[in-house]
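Participant: Any chance you could fold what I've pasted below:
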Amino acid sequence: MKNKIVELLPALLLAAFGGFAGTLANRKEGEHLTMKKLITELVIAVFSGLLTYYLLQEYGVSENLRTAAVALAGYSARGVLAIVNAIWLHELKRFKLWIAPAAAALAIFSAGCQELTHRSYYEPDETTIVEVNGRKYGAVQEETVKTGVPDWSDGKQLNVSGVGK
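Facilitator: Okay, here's the model as predicted:
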């Protein structure tokens, strides 16, 4: 957790600085800058910057371009969030209500249809050599095959990403 925060610290600071600059640049003449407004704008800027950081990281954008985009996302945070909101709402309107239950049912039923195989081999020698998928191994020492629902206990987890490349 600490490493993740240290990794995100430059993005957080850049987005906050962009939000601070945007708040100063966009205030009306004679308008006083209150702490409440400044903190609100900084929180929105950091959220917009992190959202931009993760989206661009998922698509493999270079670090330099991602850095500039995070700073600009902090500067124009409300505009960025409005664009992302419009894109997501547009996608949600096209999303049919029957797809979510069908996808959930498919995930539940396919989880029980898995087969996990583990093999360990002896060292290959000239009498026990076996070729599997073009690779040469020694004879099978031990083989374990499990079918059905995998065991996700003991800290094992399944990661699913909703944004693809």
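Participant: CA only for contacts and neighbour counts going forward, please
Facilitator: Will do.
Participant: Let me see the ranges of the helices in the chain.
Facilitator: With helices called from DSSP state H, the chain shows them at 2-26, 35-58, 63-75, 77-94, 99-111.
Participant: As TSV, those with distance to Lys136 and mean pLDDT would be great.
Facilitator: Below are the helices of the chain laid out as TSV (distance: least, CA to CA, whole Å; pLDDT from 0 to 100):
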stretch	distance to Lys136	mean pLDDT
helix 2-26	41	85
helix 35-58	37	88
helix 63-75	41	88
helix 77-94	49	76
helix 99-111	32	65
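Participant: Including distance to Gln141 and mean neighbour count, could the ones you listed go into a markdown table?
Facilitator: Formatted as a markdown table, those follow (distance: least, CA to CA, whole Å; neighbours: other CA atoms under 10 Å):
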| stretch | distance to Gln141 | mean neighbour count |
| --- | --- | --- |
| helix 2-26 | 41 | 17 |
| helix 35-58 | 41 | 19 |
| helix 63-75 | 47 | 22 |
| helix 77-94 | 52 | 14 |
| helix 99-111 | 29 | 11 |
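Participant: nearest to Asp125, of these?
Facilitator: helix 99-111 (39.0 Å; CA to CA).
Participant: just to revisit the earlier point, want to try CSV for the helices of the chain, with distance to Asp125 as columns?
Facilitator: Shown next, in CSV, are the helices of the chain (distance: least, CA to CA, whole Å):
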stretch, distance to Asp125
helix 2-26, 46
helix 35-58, 45
helix 63-75, 49
helix 77-94, 58
helix 99-111, 39
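Participant: so which of those helices comes closest to Gly138?
Facilitator: When the helices of the chain are ranked by proximity to Gly138 (CA to CA), helix 99-111 comes first, at 32.5 Å.
Participant: quick one, what contacts Ile44?
Facilitator: 19, 74, 77-78 (CA atoms under 8 Å, 6 or more residues apart in numbering).
Participant: among those residues, which two are most distant?
Facilitator: Most distant of these, by CA to CA, are Gly19 and Arg78, 9.7 Å apart.
Participant: For those two, list the residues in contact with both.
Facilitator: Shared contacts of Gly19 and Arg78, counting by CA under 8 Å, 6+ apart, come down to 44-45.
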